[in-house]
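A.B. asks: I'll drop the sequence and a predicted model, then ask my questions.
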Amino acid sequence: MPQRYVFTLVQGQYFRTRSIGFVEELAQGRLDAKGEYESLITKARNTVDSRFKHWLDRQGFQKYFHGFDGVYSECFVFKWEERHIPQRLYGFLCHPKPRTDVSFELCTLCYFDTKTDKTNYTILKWINELRLHPLVKFAIGQKYPELIEDKSRKEWTQ
């Protein structure tokens, strides 16, 4: 399968039951979450890392991160502010170990945006499509082989 996307774990942001990673396009594209995260200045980076750790610890802080309802229930966002401007890292949740650890959860971040007054459903629709893309699944499967070994699964998120 041709490689169009690359998946990497966020260094230091993984536990036995949860992990956080980035999916990027090899050709320059709209998947900018990793680049934005890596360019954060120290204070903002510490804030975002703290939000990640809260999620990894299974703590619920709607103010720091949350999922969405309905058809966007697999979409996810981490939130913070810089200079009173709401910042967002968008991604999706999945369970990439369907045989050996069904409860293991992965948050794959792919898109950065600043928040306006309302939720941007165009971004959520796009992320929903991206999470089902076979080449995205293949990229994540390089780290989590079970994801691509089970060819019978049509829907790989649970």
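C.D. replies: Here it is on my side, so go on.

A.B. asks: any idea how far Gln64 lies from Ala139?
C.D. replies: To be clear, residue 64 is Tyr; Gln isn't right here. According to Cβ to Cβ, to the nearest Å, Tyr64 and Ala139 sit 27 Å apart. Where you see a C-beta, it was placed from the backbone N, CA and C, and this is true even at glycine.

A.B. asks: and the two? which has more neighbours close in?
C.D. replies: The neighbour count for Tyr64 versus Ala139, taken as other Cβ atoms under 10 Å, is higher for Ala139 (25 against 18).

A.B. asks: Please name every helix or strand in contact with the helix or strand harbouring that one.
C.D. replies: Ala139 belongs to helix 134-141 when assigned by DSSP states H and E. Contacts defined by 3 or more Cβ pairs under 8 Å, 6 or more residues apart in numbering; DSSP states H and E place helix 134-141 against strand 5-14, strand 18-25, strand 105-114, helix 146-149.

A.B. asks: In TSV, list these along with mean neighbour count and distance to Glu82.
C.D. replies: Compiled in TSV, the helices and strands packed on helix 134-141 are given as follows (neighbours: other Cβ atoms under 10 Å; distance: least, Cβ to Cβ, whole Å):
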stretch	mean neighbour count	distance to Glu82
strand 5-14	16	19
strand 18-25	21	19
strand 105-114	21	9
helix 146-149	17	34
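
A.B. asks: Adding mean pLDDT and distance to Phe76, write those out as TSV.
C.D. replies: As requested, the helices and strands packed on helix 134-141 are exported to TSV (pLDDT from 0 to 100; distance: least, Cβ to Cβ, whole Å):
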stretch	mean pLDDT	distance to Phe76
strand 5-14	90	14
strand 18-25	96	10
strand 105-114	96	6
helix 146-149	83	18
